[in-house]
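Novice: Next one to model:
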Amino acid sequence: MARVVIFSKGLLIESFFVFMDESGKRFNKNYLFGKNAESIFEFLVKSMEGYKIIKFGVENHIEELKKNLKGNYTDSAEKIKSMPDFIVLDNNNQIMFFEVKSTRFIDKRQSNKLLFKFQKNSIDRYLKFWSATKLFVVHQEKPYFYIVDLKDIDPIRHKHRENLGKDVKNTISSKRLMDEWNFKDVQKSIKEIFPKIDEDNVKIASTKIMALEPEEIDNMGLDI
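Specialist: I've put the predicted structure just below:
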């Protein structure tokens, strides 16, 4: 078991424990980065005066609920399972839903495409049940943060490819299906969504991302 702490200017921002074992070493490393991505997002929101952040995702709710959702694929269950990670309230008490994702690889090889891979049907579920959600994607290369407002997404136009197979060694599943989305014309910078955010705090958050080893970052943006 390892304790993870995140500091900013000498202040403790986040502290939590992660269980590690040899058989699931890579899986747990990916989980560690995912938790760091959420903690970095919390830090950025809390750094803005008047903003509030509330943990909302199903993982923050009672174990009994999570246990009873397993194997349940009704619309009601799927809506609960796909609850966004956070509710953010700005200084006018306007509500925003945010789902935090972390990924190592974003395909920028074509000038008219910015391709992100996500677990099969995960974005479709958000579009169906939580279309007011914004994706906050953490990446290890500049600009480090991408925000995609799902209300701007057209599944026909923005889903680039689907049902992609990818072999992943040393994880719980040896093969996972992925969908690829082109967010070139809809992705926004962190300043566009949070115009009052302090650039120094963005740099602090970026430093936390750059400090991670590449192999610790899930290169497919999967839900862990």
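Novice: Quick check: mean pLDDT of the one helix or strand residue 78 maps to?
Specialist: Residue 78 is located in helix 75-81, with elements delineated by DSSP states H and E. Throughout helix 75-81, pLDDT has a mean value of 88.
Novice: Please identify the buried residues of it?
Specialist: Residues 80-81 are the ones in helix 75-81 that count as buried (16 or more other CB atoms under 10 Å). Every C-beta, even on glycine, is put in place using the N, C-alpha and C of the backbone.
Novice: Let me see the contact set for the closest residue to residue 96 other than its chain neighbours.
Specialist: Leaving out its chain neighbours, the residue that sits closest to residue 96 by CB to CB, 6 or more residues apart in numbering is residue 88, at 4.5 Å. Listed by CB atoms under 8 Å, 6 or more residues apart in numbering, the contact partners of residue 88 are 45, 51-54, 95-98.
Novice: Buried ones among those residues?
Specialist: Buried members of those, counted by 16+ other CB under 10 Å: 45, 51, 53, 96-98.
Novice: Out of those residues, list just those in strands.
Specialist: 53, 96-98 (DSSP state E).
Novice: by contact count, what packs against the helix or strand where residue 135 lies?
Specialist: Per DSSP H and E: residue 135 is located in strand 133-139. With contacts taken as 3 or more CB pairs under 8 Å, 6 or more residues apart in numbering; DSSP states H and E, strand 133-139 sits against helix 25-46, strand 95-103, strand 145-149.
Novice: Neighbouring strands of that strand in the sheet, and parallel or not?
Specialist: strand 95-103 (parallel), strand 145-149 (antiparallel) (DSSP bridges).
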